[in-house]
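A.B. asks: Have a look; sequence and predicted model below, questions after that.
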Amino acid sequence: MLTYERSGPETVADGATVVVLLHGRGSDRADLQGLRTAIPPAWPLLTPQAPHPGGPWGYGAGWAWYHYVAADRLEERGLEESLSMLDAFLRELPEHLGAPPRRIVLGGFSQGGTVSLAYALSHPGRVAAVVNFSGFLADARVVRSAHLSGRSTPVFWGHGLHDPAIPHALAIKGRARLEAAGVPVGARDYPIGHWIAPGEVMDAVSFVQSAAP
C-alpha cells in the first residue's frame, strides 16, 4: 500500500476531479503538496510516496519509483512493481476520498512524470489526463506494448530547455512518439533547468480543463 498526503476540500462530492501527483527520485509524499495553491481549490490533491527506498540506488534518504539506467532506459522490474501499486492506489480512491471521482488527473515531476506516462499508456481509460513535469517516455516493455491511438489520454508535457538531468532532447523524442501515435500532447518549454517553472502548474491546469472537460 502506498502512503500519501492529501489536501483540498474535506468533503468530496460524487463526480469530483481529483489530482494525483507523483514525486521525483529521492523525495517523498510531502514534496508536491507545495503545488496546492496552483490547483483549483475544489480539486483534492493526493501525493503518494514511491515504494522503493532511494538509498540502495544512491538516491539519498528519500524514495524512488524505479532505478534509472541511462537516457530513456530504466530497470523494468522496479517500474512494473510501482505501476502495480499505483494501480491499486487509484482503484482505492473512492475509499480514500469518501466518494468516487468523476475524473482522475495523474501527473508528477521527473520520475513521477515518467511513471504517470507509463501508467496512462499501459492502463488506457483509467485516467482522464496526464501532467508530465520534466519526465521522459520510458523505453520499457510496458510502454512499447501499449496500444496507442488518437483516443489515448491527453498529455501535458512541460520541460526545461536547460534541464541537465533529463535533457530537453528526450522531451522532443518522447513527444514525437506520442504525437505520431495520435496522442493529444500539449507541449510547453520553459527557460529553466530540472524543476517546475512558475506558472507551469497553471498551464497544466488550463490544458486539462480544455482537453479533458
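C.D. replies: On my side now, so go ahead.

A.B. asks: Please tell me how far the helix ranked longest in the chain is from the chain's geometric centre.
C.D. replies: Scanning the chain for the helix with the most residues, using DSSP state H, yields helix 76-91. Put simply, helix 76-91 sits 13 Å off its chain's centre (CA atoms, centre = their mean, to the nearest Å).

A.B. asks: Which other helices and strands does it contact?
C.D. replies: For helix 76-91, the packing partners by 3 or more CB pairs under 8 Å, 6 or more residues apart in numbering; DSSP states H and E come out as strand 17-22, strand 52-53, helix 111-122, helix 141-144. Glycine gets a C-beta too; all of them are placed from N, C-alpha and C.

A.B. asks: now it against strand 17-22, angle please.
C.D. replies: Calculated by axes from the mean of the first three to the mean of the last three CA atoms, to 10 degrees, helix 76-91 forms an angle of 160 degrees with strand 17-22.

A.B. asks: Could you export helix 76-91 as CSV, CA atoms only?
C.D. replies: Provided in CSV are the C-alpha atoms of helix 76-91 (Å, rounded to 0.1, in the frame of the first residue of the first chain):
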residue,chain,number,x,y,z
GLU,A,76,11.8,-2.5,-15.6
ARG,A,77,11.1,-4.7,-12.7
GLY,A,78,11.0,-1.7,-10.3
LEU,A,79,8.9,0.3,-12.7
GLU,A,80,6.4,-2.6,-13.0
GLU,A,81,6.1,-3.0,-9.3
SER,A,82,5.5,0.7,-8.9
LEU,A,83,2.8,0.6,-11.6
SER,A,84,1.0,-2.3,-9.9
MET,A,85,1.0,-0.5,-6.6
LEU,A,86,-0.1,2.8,-8.2
ASP,A,87,-3.0,1.0,-9.9
ALA,A,88,-4.1,-0.4,-6.6
PHE,A,89,-3.9,3.1,-5.1
LEU,A,90,-6.0,4.7,-7.9
ARG,A,91,-8.6,1.9,-7.6
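
A.B. asks: Just the buried positions in that helix, please.
C.D. replies: Buried residues in helix 76-91, counting neighbours by 16 or more other CB atoms under 10 Å, are found at 76, 78-80, 82-83, 85-86, 89-90.

A.B. asks: same check, this time on stretch 59-79
C.D. replies: 59, 62-68, 72, 74, 76, 78-79.

A.B. asks: got it, and stretch 39-50?
C.D. replies: Neighbour counts over stretch 39-50 (16+ other CB under 10 Å) mark 39, 43-50 as buried.

A.B. asks: which residues sit against the helix or strand that the longest helix of the chain is followed by?
C.D. replies: Following helix 76-91 in sequence order, the next helix or strand is helix 93-97 (DSSP states H and E). Identification of contacts with helix 93-97 by CB atoms under 8 Å, 6 or more residues apart in numbering yields 4, 6, 12, 16, 18, 20, 44, 46, 100-101, 104.

A.B. asks: Brilliant, that's me finished.
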